[in-house]
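Peer 1: I would like to see how this sequence folds:
(one chain, ligands or ions: 1)
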Amino acid sequence: MGNNRLRLNELTAQLIKRNIEGFFCPDKASALQKTLTLIPEKATVGISGSLTLIQLDLIKSLKERGTIVYDQYLEGLSRKESMALRNKGACADYYLTSANAISAKGELVFFSAWGNRVAGIANAGKVVVIAGINKISVDLQSAMKRAREYVTPLNCKRLGYASACAQDGICRNDICLFPEHKRMCCQLLIVEAEITPGRMKVVLVGEELGY
Ligand code: SF4
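Peer 2: Next comes the predicted model:
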């Protein structure tokens, strides 16, 4: 068994203890197919901003088969329309997202600017998290460090945020406050476990995806 598969199988066993179902997919194509089978065609779906979802072509695939996706990233939407779709997404049948980091013991770390991702994970009927092997960190502390000091500066740069890290990629948490900076790390969610059986699933991919 390859190293990646072994690591992801071990993580799947940790997730089961947390009432979270994990699936191993060796690559993007199998992760896309697996995720499509987890979501019924007639379900409504909320999404978070995620390079992983884009790389999988997941949102396009869901729309093409007729699933209703509350897509706040459609071109030409006003801020009000975009926020309304985020709100609908947070109450959808399914919420789709990636994690910023996952500890080897199965704790899931999510950072959010607007909070819709936090709301969707907490509130949607079911949640599917898709994560590449690069998202796994040895423990919760290093997962938090990864999310804050590696992932968020890259996202700030990609999205043109006026945060304190956007220029040089170095987090300056203490001074990254309004009005001088537009902070991206506004809401932090750590999922330690899921109380409802079958509600949360994690598709673990044996390739690097997203940041
Ligand atoms: S706290 Fe501010 S500077 Fe630090 S990673 Fe978040 S957005 Fe960047």
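
Peer 1: low-confidence stretches in this protein?
Peer 2: Scanning the chain for pLDDT under 70 picks out 1.

Peer 1: from the contact counts, what lies against the top helix by length along the chain?
Peer 2: Ranked by number of residues, the top helix in the chain under DSSP state H is helix 3-17. Judged by 3 or more CB pairs under 8 Å, 6 or more residues apart in numbering; DSSP states H and E, helix 3-17 is in contact with strand 21-25, strand 136-137, strand 200-205. C-betas here are computed from N, CA, C, even on glycine.

Peer 1: of all those strands, which one is nearest the ligand?
Peer 2: strand 136-137 (16.0 Å; CB to the nearest ligand atom).

Peer 1: ok, now which ones touch the residue most central in space within the chain?
Peer 2: Central residue of the chain (CA atoms, centre = their mean): Ser98, 2.0 Å from the mean position. Neighbouring residues of Ser98 by CB atoms under 8 Å, 6 or more residues apart in numbering: Ser48, Ser50, Leu51, Thr52, Leu53, Val129, Ile130, Ala131, Lys135, Leu209, Gly210.

Peer 1: which ones among those residues are found in strands?
Peer 2: Counting by DSSP state E, the contacts of Ser98 place Val129, Ile130, Ala131 in strands.

Peer 1: ok, and the closest non-adjacent residue to the second one?
Peer 2: Leaving aside its chain neighbours, Ile130 sits nearest to Val203 (4.6 Å; criterion: CB to CB, 6 or more residues apart in numbering).

Peer 1: and the chain, which of its residues are near the ligand?
Peer 2: Contacts of the chain with the ligand, taken as CB under 6 Å from any ligand atom, map to 148, 152-153, 156, 163-165, 171-173, 176, 183-185.

Peer 1: spit out the contact partners of Leu11.
Peer 2: With contact taken as CB under 8 Å, 6+ apart, Leu11 is in contact with Gly22, Ile102, Ala104, Gly106, Ile136, Leu204.

Peer 1: now the second one: how far from the ligand?
Peer 2: What that stands for is Ile102. With distances taken as CB to the nearest ligand atom, to the nearest Å, Ile102 is found 19 Å from the ligand.

Peer 1: now do the buried residues in stretch 31-46.
Peer 2: Ala31, Leu32, Lys34, Thr35, Leu38, Ile39, Ala43, Thr44, Val45, Gly46 (16 or more other CB atoms under 10 Å).

Peer 1: ok, residues contacting it?
Peer 2: 23, 25, 56-58, 61-62, 65-70, 86, 88-96, 116, 120, 124, 128, 130, 201, 203, 205.

Peer 1: how long is stretch 62-80 from one end to the other?
Peer 2: End-to-end distance of stretch 62-80 (CA to CA, to the nearest Å): 24 Å.

Peer 1: which parts of it are buried?
Peer 2: Leu62, Thr67, Val69, Tyr70, Asp71, Gln72.

Peer 1: for the first one, helix, strand, or coil?
Peer 2: Yep, that's Leu62 we're talking about. helix (DSSP: H, G, I helix; E, B strand; the rest coil).
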